[in-house]
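> Coordinates for the following, if possible.
(chains A, B and C)
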Amino acid sequence: MSGKAVHSIDPEWIKKELNEPQSQAVTATEGPVLVLAGAGSGKTRVLTYRIAYLLACGLASPAEILAMTFTNKAAAEMRERVTRLAPNMMTGLWIGTFHSLFARLLRREGECIGYDRNFSIYDEYDQNTLVKQIIEDLKLDTMDVPTSGALHRISDAKNNLVSPQDYLNNAQHPIEEFVAKVYKEYQIRLRNMNAMDFDDLLLNPIELFERFPLVREFYQDKFHYILVDEYQDTNRAQYVMLKYLAQKHKNICVVGDDDQSIYRWRGAEIRNILDFEKDYATCSKFRLEQNYRSTQNILSAAHSVITNNRQRHAKKLWTEGPVGEPVMVLEVYDDLEEARTIVDKISYEFRRVERNFHDFAILYRTNAQSRVLEEALRTEGIPYIIVGGVKFYERKEVKDVLGYLKVLVNPADAISLRRIINFPARGIGEASLAKLDGYARHKKIMLSEALSHVGSMADLPKRISERVLAFSAMMNKYRSLMSKFSPFEIASAIVEENGILRMLKEENTIESISRAENVRELLSAIADFANSVGPEATLEDFLEHVSLSTDIDKWDDKANAVTLMTLHSAKGLEFPVVYITGLEEGLFPLSRSLSDMMALEEERRLFYVGATRSKDMLYLSWARYRRRYGERLESVKSRFLKELDPEFVRIDNLARPYYGKHATTDEQSYQDTMPDYEDESQERLEFRPGVRVRHPMFGKGTVIQIDAAGSNVKLLVLFDTAGRKRLVLPYAKLEIL
DNA sequence: AGTGCATATCTTTTT
DNA sequence: GATATGCACT
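Just a heads-up that it's a prediction; the model follows:
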């Protein structure tokens, strides 16, 4: 089908590839369209075919279509699949995330509202730094509100389109007055620093459209057809922007599933999808309820839980697929055993069944849970990938190097400047910085500009002013080199000139070595970026890519490894075998949601999202005891497990798998039989699971299993490139690495 | 100014 | 258990 020119795409053929409701949703091109698409019902298929259909029928040119998603991964997938259906029709097509498309809009048009096109995008860490500075500078009484709390309230306000002035006017409580003051100053400073936070990327387009009708009309004219993925996760600002964008042509197609709305805490309004029919009175509605992913048992089990939610469109997924195995509930003693049980099962299935490691996903509610699982996988020698957690671009050393690049691109970015002016240490401390800052403020110039005026500042010791000048000169030098050298060359030169790698190497600790690794990885990420985008890729492009990318985007679904990630990250993905861990009250559902009905329903939706990721097998585990905050706590089985319809479930009680003979419910006996994990040193076998080996033919690999049953010791080894091999030890010329 | 140690304070989830 | 902050010391 691919490879042919677009003219050969027959609209009738497109329809043949789809089931009835999918086909209707694709061909209902005119007017507002609501597609309620259950998990695994072919949502992406509808979106991509719809775009292809619009192009094939000549209803729109690529430049007239706008398709928005939430994650880069979803955008990339959509782009790829449309390319396959309609090759050579991609130029000018706007497919991307809300944040990246709006950033593009703002880089083009932001000058009207006072932004330079090189504005910085601040992440949570930068936001925190800024708020702290504000509180210090304004000498505010924080009323014990942590900066993160103030920030959260500010973000809430912004998501709901509440301006600083509105916020102040509505302030009832001294805490709110405090937040109002911070909020106001926060917005002022962001603008002075030519910087936006994530919320601004959605809000500033609204300001742009409201203040500049000509700009608004240009884009209203431009986009004849608008498609929105995951509509249930849109917030107020996104809702308003979509309304503006669709106002002229009114061809807006939104796809979503209210049961999969899991971002309320970030301002998502489930009401947007529940009320779409009211907002767009003439809309047509289509339901996609046939599931192509999971077994009947999985669907029924997931359904039995989600129906406990009150806020939802009634619907029920069905499948023509097999009934499948029952959903397995694993009851285990503690978190260590949970990890061990799961690893055992994976290892078993890997050996007995035709499965590879990438068929498995282990999901959890909080990132902190990954540690134990990781360790268990490591001791068993099973390759794994962790998605999320401490993100690469948020690591200190990486942010430090990025800080240089950000200041080069956007000299007004005082947050990044402060970060690097004394990194590596060049003797410009807090006190000197405060003086420089005061000077800049007084003269109403940028901090970076004040650096070169340092000679005229009487109260700065000469030694220090010399250092400041040297730093300033260095930055100016690189700024002038930016047009002549590639981003990679610039970044490498900066790392070299400032001795960043050298410094980390000299420190020579495990920690500093891995930091040096990360710096090198950053440099190669810059090179990779240039390779994939093309030689015209600028530093600005790279920085935007960094700001808007997440770890899930880099997740490689082809790698032969078990995937570990949070339930949130798993949305939109699928795996043959899924483990959902930590099903305990207070953990999943998380404690903060227990008293809040709306939050609890969101947790339940999260459970539903997790469960519907699985194609063949779903395991749900809970542990009687779990280490949290560093201490061992007794847990209570999650209500979600109780809500499961027992008809589709089998319970496996493994609470004491190794001590089953002395089954009692007495807590003391648990203590007695508690395995002593600390002391479990493996016998010093040369070959044991996890050991890396080299084979003359197959290359490098990892030992998975040892079978010493017969006279010859047999090994099961997973080679990095040659796959899985069974080897007889005396004959295989294996070398331990 | 910069370092190191003790203490506190937590932990959702992410574009 | 991990990170951030504060304080004392060099």
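> What's the first helix or strand after the longest helix seen in chain A?
Counting residues, the longest helix found in chain A (DSSP state H) is helix A:510-533. For helix A:510-533, the following helix or strand on the C-terminal side (DSSP states H and E) is helix A:539-548.
> And for that following helix, what's in contact with it?
With CB atoms under 8 Å, 6 or more residues apart in numbering as the test, helix A:539-548 has contacts from A:72, A:97, A:99-100, A:103, A:118, A:120-121, A:123, A:393, A:402, A:405-406, A:408-409, A:482, A:487, A:490, A:526, A:529-530, A:533. C-beta coordinates here come from the backbone N, C-alpha and C atoms, glycine included.
> Next: stretch A:364-381.
A:335-336, A:338-340, A:342-343, A:347, A:362, A:383-384, A:386, A:388-389, A:562, A:564-567, A:580-582, A:587-588, A:590, A:606, A:627-628, A:689-691, A:702-704, A:718.
> and with 7 Å instead?
A:335-336, A:339-340, A:343, A:347, A:362, A:384, A:386, A:388-389, A:562, A:564, A:566-567, A:581-582, A:587-588, A:590, A:689-690, A:702-704 (CB atoms under 7 Å, 6 or more residues apart in numbering).
> Kindly report the same for stretch A:45-54.
A:9, A:11, A:14, A:18, A:22, A:25-27, A:29, A:35, A:37, A:60, A:65, A:67, A:78, A:81-82, A:85-86, A:225, A:227, A:229, A:253, A:255.
> Also near DNA strand C: which of those, exactly?
Here nothing survives when the contacts of stretch A:45-54 are matched to DNA strand C using CB under 7 Å from any atom of the strand.
> Just the buried subset of the residues you listed, please.
Neighbour counting with 16 or more other CB atoms under 10 Å marks A:9, A:14, A:18, A:22, A:25-27, A:29, A:35, A:37, A:60, A:65, A:67, A:78, A:81-82, A:85-86, A:225, A:227, A:229, A:253, A:255 as buried within the contacts of stretch A:45-54.
> What residues of the helix or strand A:Arg45 falls within count as buried?
Assigned by DSSP H and E, A:Arg45 belongs to helix A:43-56. Within helix A:43-56, the residues that count as buried by 16+ other CB under 10 Å are A:43-56.
> quick revisit: just the ones of the contacts of helix A:539-548 in strands?
A:97, A:120-121 (DSSP state E).
> Name the nearest residue to A:Leu587, sequence neighbours excluded.
Distances taken as CB to CB, 6 or more residues apart in numbering place A:Arg365 nearest to A:Leu587, at 5.8 Å, with adjacent residues excluded.
> Let me fix that, I meant to ask about A:Ala561.
Per CB to CB, 6+ apart, closest to A:Ala561 is A:Pro383, 4.1 Å.
> swap in A:Ala599?
Nearest to A:Ala599 is A:Ser593, by CB to CB, 6+ apart, at 3.6 Å.
> Pull the number of nearby residues for that neighbour.
For A:Ser593, the neighbour count with other CB atoms under 10 Å is 19.
> likewise A:Pro383?
Neighbours of A:Pro383 (other CB under 10 Å): 16.
> gap between it and A:Asp10?
44 Å (CB to CB, to the nearest Å).
> Was I right to think the residue nearest to A:Ala561 contacts A:Phe360?
No. Using CB atoms under 7 Å, A:Pro383 is not in contact with A:Phe360; the gap is 10.8 Å.
> tell me, what's touching the two both at once?
Going by CB under 7 Å, 6+ apart, residues that sit against A:Pro383 and also against A:Phe360 are A:Val562.
> where does chain A dip in pLDDT?
A:1-9, A:456, A:458, A:655-691, A:696-699, A:703-717, A:719-733, A:735 (pLDDT under 70).
> coming back round to it: after the helix holding A:Arg45, which helix or strand is next?
Taking DSSP H and E, what comes next after helix A:43-56 is strand A:65-69.
> Give me the neighbour count for the residue nearest to A:Tyr219 when sequence neighbours are not counted.
Leaving aside its chain neighbours, A:Tyr219 sits nearest to A:Leu245 (6.3 Å; criterion: CB to CB, 6+ apart). Using other CB under 10 Å, A:Leu245 is surrounded by 21 other residues.
> Quick check: buried residues in the longest helix of chain A?
A:515-516, A:518-519, A:522-523, A:525-527, A:529-530.
> Check which helices and strands that helix sits against.
helix A:396-409, helix A:487-497, helix A:500-507, helix A:539-548 (3 or more CB pairs under 7 Å, 6 or more residues apart in numbering; DSSP states H and E).
> Tell me which of the contacts of stretch A:45-54 fall in strands.
A:35, A:37, A:65, A:67, A:225, A:227, A:253, A:255.
> For the residue nearest to the third one when sequence neighbours are not counted, give its distance to A:Ser100.
Which is A:Ile65. Excluding the flanking residues, the one nearest A:Ile65 by CB to CB, 6+ apart is A:Tyr225, at 5.0 Å. A:Tyr225 is 19 Å from A:Ser100, where distance means CB to CB.
> where's A:Arg626, which helix or strand?
strand A:614-628.
> measure A:Asp200 to DNA strand B for me?
11 Å (CB to the nearest atom of the strand, to the nearest Å).
> What sits closest to A:Asn235 if chain neighbours are left out?
In space, A:Asn235 is closest to A:Gly267, 3.9 Å off (CB to CB, 6+ apart).
> Distance check, that neighbour against A:Tyr125.
Separation of A:Gly267 from A:Tyr125 (CB to CB): 20 Å.
> Looking at these two, which is more packed in?
Regarding A:Gly267 and A:Tyr125, a neighbour count based on other CB under 10 Å identifies A:Gly267 as having more, with 20 against 13.
> any idea how far the more buried one lies from A:Ile154?
For A:Gly267 relative to A:Ile154 (CB to CB), the value is 12 Å.
> ditto for A:Tyr263
Taking CB to CB, one finds A:Tyr263 at 18 Å from A:Ile154.
> out of these two, which sits in the busier spot?
Shown here are A:Tyr263 and A:Ile154; by other CB under 10 Å, A:Ile154 has more neighbours (24 against 19).
> next structured bit after the one helix or strand the more buried one maps to?
Element membership for A:Ile154, per DSSP H and E: helix A:147-159. Sequence-wise, the next helix or strand downstream of helix A:147-159 (DSSP H and E) is helix A:164-170.
> Go through that following helix and flag the buried ones.
A:164, A:167.
> Contacts made by that helix with the rest, please.
With CB under 7 Å, 6+ apart as the test, helix A:164-170 has contacts from A:157, A:180, A:183-184, A:187.
> Likewise for stretch A:622-633?
By CB under 7 Å, 6+ apart, stretch A:622-633 touches A:331-335, A:337-338, A:582-584, A:634-635, A:637-638, A:641, A:655.
> Give the buried residues for it.
Neighbour count says stretch A:622-633 has A:622-628 buried, by 16+ other CB under 10 Å.
> Check these one by one and keep those near DNA strand C.
A:Arg627.
> out of the buried residues of stretch A:622-633, which one sits closest to DNA strand C?
A:Arg627 (6.7 Å; CB to the nearest atom of the strand).
> what does the stretch 251-400 of chain A have sitting close to DNA strand C?
A:371, A:390.
> Can you name the residues of the stretch 251-400 of chain A that neighbour DNA strand B?
Residues of the stretch 251-400 of chain A lying near DNA strand B (CB under 7 Å from any atom of the strand): A:265-266, A:365-368, A:388.
> and whichever strand or helix holds A:Glu136, does that touch DNA strand C?
Here A:Glu136 sits within helix A:124-137, counting by DSSP H and E. Yes. Helix A:124-137 reaches DNA strand C (CB under 7 Å from any atom of the strand) through A:Lys132.
> Cool, thanks, talk later.
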